[in-house]
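*Asks:* This is the structure alone, sequence omitted:
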């Protein structure tokens, strides 16, 4: 087991290296000069331009820059942003809480909703409840999340005025009123992600339950006179959760990607919004750092899913 | 005597036994084919049939809609020019007989723009699906059939691609490379190619895994051994003999991929890295319309509903196809 985990981690590290190398190479080799804004400004003399270039280390060949970037990254120095002229890591720390709040709350709600809906759908397969749940989950993963967001915004923020349209990041969470306001403005961005994630998770939970329900151990549990509720919850549901929990882990990067959309729609100043503004500003160091974070999330949660599957299901053997 | 089985009643006219009847029935009816069976099962899936009908209607509309426009009003000479025709007298108008989808902030007819944009959106979906599915099929087939080192290398590459952060990477690549590709292939074709290649190029991994596992089990079957004994070349065995047997899961994956690609394209447009503002893809129309949620919500809602209905229909169709082609799976 330990050996397996060590081996998986040892595969994950080169994966991260390859991904970061490829993204770095793409950014370095892509046409367009990140310092174009200076190049176009006639007031900046040639020498100054050259010095700016050197101060960002852009005069060196890109493989050298990659090695430097990587060694600095390990030391906790993520480089300087071209547009704020401050350290990238500060920007990331500043934006992280907003993203984590929205994404975390949304995922929690999605999981809490999806598991019981999936269980009931499977136990009462083809019932009215199952059909309604199925229909809604199909709707959930057929709507682009920006459209869910726009519709919710139109109904609840513009027409009913229950929630603010634009997310305010200057709220000082010191009073109960401010915390209430924060919850109110988080509601719509969270809902968008909940709709998207609940839909998929419900389907997974239902399918997993349906795989388990006809198995022999269920009949055994019933045969020994266990109440129906106990059979379903203590035996079938727990076993069905094994693959679903790994899928929940695999879904974490997806919900962060979803945050790119909701944050841009509701102007939440999180990491997703930072990514889009940095791409539009050709702020390469920030783009590199954020892409690295997204890649890190994907690789890490793939790893966690793999390991969890083994921990939760003793039948899985580590070959 | 009257109670006797008519089949053994030799005195009356000879009636064929049940077994013979069945045989005759079997001979007289057409042979049952895989596609025929699948169609019969697919037809029973009501939502899938509704989805398929909606899709057919949408595809027909974007194909012949422009001609109807040209026929209906003789003053329209060129459909594309009509979609760009400004009319400052009727701006932000709601749905009416003349403009069923209303008009935007420049007075452009929204229905014609949705029809024109639908061509692009649906084409993006199909083209990205074709890239993803053909790439995935080739990789999966090679890995599953050849095995050994080839399998190892291809599967590591697949794992690597699965570890890529999908959406951020697509956004980044489209943003970085759209200008040179546009210079090379022209404005609209350029952006189309880069969007389609990026979406399709990051979506083939699931198909590759499905195809690989089908190939792994199929290559051990007797018919492959028979083909081998007949001296048929490896490529022919791979593509002519094994691949058709692995079609069912590929078709389901392909159907669902069209929907995913349409969502991906509209998301790119929404984030401002997809098609430029004047190209009326459905995603672009929603994005442009979202600035007028208060003044004219229909501008964003109608094209958004089109995306939603299309993808929903595709997903229902995929579900129906899965039931029809592979009755064992239940997701």
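*Replies:* In hand now; what should we look at? As the structure is a computational prediction, the values presented were derived from the model and not from experiment. Numbering: from 1, shown residues only, chains lettered A, B, ... in the order given.
*Asks:* My reading is that residue A:163 lies in a helix. Confirm?
*Replies:* No. Going by DSSP: H, G, I helix; E, B strand; the rest coil, the assignment for residue A:163 is coil, not a helix.
*Asks:* Stretch B:212-229: which residues count as buried?
*Replies:* B:212, B:214-215, B:218-219, B:224, B:227 (16 or more other C-beta atoms under 10 Å in any protein chain shown). C-beta: built from backbone N, CA, C; applies to glycine.
*Asks:* How far does that stretch stretch from one end to the other?
*Replies:* 23 Å (C-alpha to C-alpha, to the nearest Å).
*Asks:* what's the average pLDDT for that stretch?
*Replies:* Taken as a whole, stretch B:212-229 carries a mean pLDDT of 90.
*Asks:* ok, and what's touching it?
*Replies:* The contact list for stretch B:212-229 (C-beta atoms under 8 Å, 6 or more residues apart in numbering or on different chains) reads B:139-141, B:143-145, B:147, B:151, B:155, B:236-238, B:241-242, B:245-246, B:249.
*Asks:* Any of these buried? List them.
*Replies:* B:139-141, B:143-145, B:151, B:155, B:237-238, B:241-242, B:246, B:249.
*Asks:* quick check, nearest of these to residue A:227?
*Replies:* residue B:249 (39.4 Å; C-beta to C-beta).
*Asks:* For the closest one, what is the enclosing helix or strand?
*Replies:* helix B:247-270 (DSSP states H and E).
*Asks:* And residue A:59, by the same measure?
*Replies:* Counting by DSSP H and E, residue A:59 is part of no helix or strand.
*Asks:* Check what pLDDT the closest residue to residue B:123 other than its chain neighbours gets.
*Replies:* Of all residues not flanking residue B:123 in the chain, residue B:192 sits nearest, at 7.6 Å (C-beta to C-beta, 6 or more residues apart in numbering or on different chains). We have a pLDDT of 91 for residue B:192.
*Asks:* Check residue A:32 too.
*Replies:* With respect to pLDDT, residue A:32 scores 65.
*Asks:* ok, now the one 10 residues further on?
*Replies:* Residue A:42 is assigned 67 on the pLDDT scale.
*Asks:* Distance check, the residue positioned nearest the centre of chain A against chain B.
*Replies:* By C-alpha atoms, centre = their mean, chain A has its centre lying nearest to residue A:256, at 1.9 Å. Here the criterion is C-beta to the nearest C-beta, to the nearest Å. By it, residue A:256 lies 8 Å from chain B.
*Asks:* related to what we said a few turns ago, just checking, the residue nearest to residue B:123 touches residue B:124?
*Replies:* Yes. If you go by C-beta atoms under 8 Å, residue B:192 and residue B:124 touch, sitting 6.9 Å apart.
*Asks:* Give me the neighbour count for the residue in the stretch 151-300 of chain B positioned nearest to chain A.
*Replies:* Taking C-beta to the nearest C-beta as the measure, the stretch 151-300 of chain B has residue B:165 as its residue closest to chain A, at 3.5 Å. Burial of residue B:165 is recorded as 27 neighbouring residues (other C-beta atoms under 10 Å in any protein chain shown).
*Asks:* Please list all residues in contact with it.
*Replies:* A:253, A:257, A:291, A:294-295, A:297-298.
*Asks:* Rounded mean pLDDT for the helix or strand containing residue B:37, please.
*Replies:* Following DSSP H and E, the helix or strand that holds residue B:37 is helix B:34-44. If you average the pLDDT over helix B:34-44, you get 82.
*Asks:* Can you give the distance of that helix from its chain's centre?
*Replies:* Counting by C-alpha atoms, centre = their mean, to the nearest Å, helix B:34-44 is centred 19 Å from the centre of its parent chain.
*Asks:* Just name whatever secondary elements that helix is in contact with.
*Replies:* helix B:46-72, helix B:298-325 (3 or more C-beta pairs under 8 Å, 6 or more residues apart in numbering or on different chains; DSSP states H and E).
*Asks:* Pick the most buried one from those.
*Replies:* helix B:298-325 (a mean of 23; mean count of other C-beta atoms under 10 Å in any protein chain shown).
*Asks:* what angle sits between it and helix B:34-44?
*Replies:* Here helix B:298-325 runs at an angle of 130 degrees relative to helix B:34-44 (axes from the mean of the first three to the mean of the last three C-alpha atoms, to 10 degrees).
*Asks:* Tell me which stretches of chain B form helices.
*Replies:* B:18-28, B:34-44, B:46-72, B:79-83, B:110-146, B:148-162, B:166-185, B:187-201, B:205-218, B:222-229, B:234-236, B:247-270, B:282-289, B:298-325 (DSSP state H).
*Asks:* do the same with chain A
*Replies:* According to DSSP H, the helices that chain A contains are A:2-29, A:36-39, A:46-55, A:62-74, A:88-123, A:128-140, A:145-152, A:176-212, A:216-223, A:228-230, A:238-266, A:271-280, A:284-312.
*Asks:* counting contacts, what elements does the fourth one pack onto?
*Replies:* Judged by 3+ C-beta pairs under 8 Å, 6+ apart, helix A:62-74 is in contact with helix A:2-29.
*Asks:* any idea how far the helix it packs on is from the chain center?
*Replies:* On C-alpha atoms, centre = their mean, the centre of helix A:2-29 falls 19 Å from the chain's centre.
*Asks:* Just to check, residue A:120 is in contact with residue A:129?
*Replies:* Yes. Assessed by C-beta under 8 Å, residue A:120 is found in contact with residue A:129 at 5.9 Å.
*Asks:* quick one: which of these two has more around it?
*Replies:* Taking neighbours as other C-beta under 10 Å, residue A:120 and residue A:129 compare with residue A:120 leading, 19 against 14.
*Asks:* who's in contact with the residue of chain A at minimum distance from chain B?
*Replies:* Across chain A, no residue is closer to chain B than residue A:294, which sits at 3.5 Å (C-beta to the nearest C-beta). Neighbouring residues of residue A:294 by C-beta under 8 Å, 6+ apart: A:253, A:256-257, B:165, B:168.
*Asks:* from these, which single one is nearest residue A:27?
*Replies:* Of those, the one sitting nearest to residue A:27 (C-beta to C-beta) turns out to be residue B:168, at 12.3 Å.
*Asks:* Test my guess that that closest one contacts residue A:291.
*Replies:* Yes. Here residue B:168 reaches residue A:291: they are 5.6 Å apart, a contact under C-beta under 8 Å.
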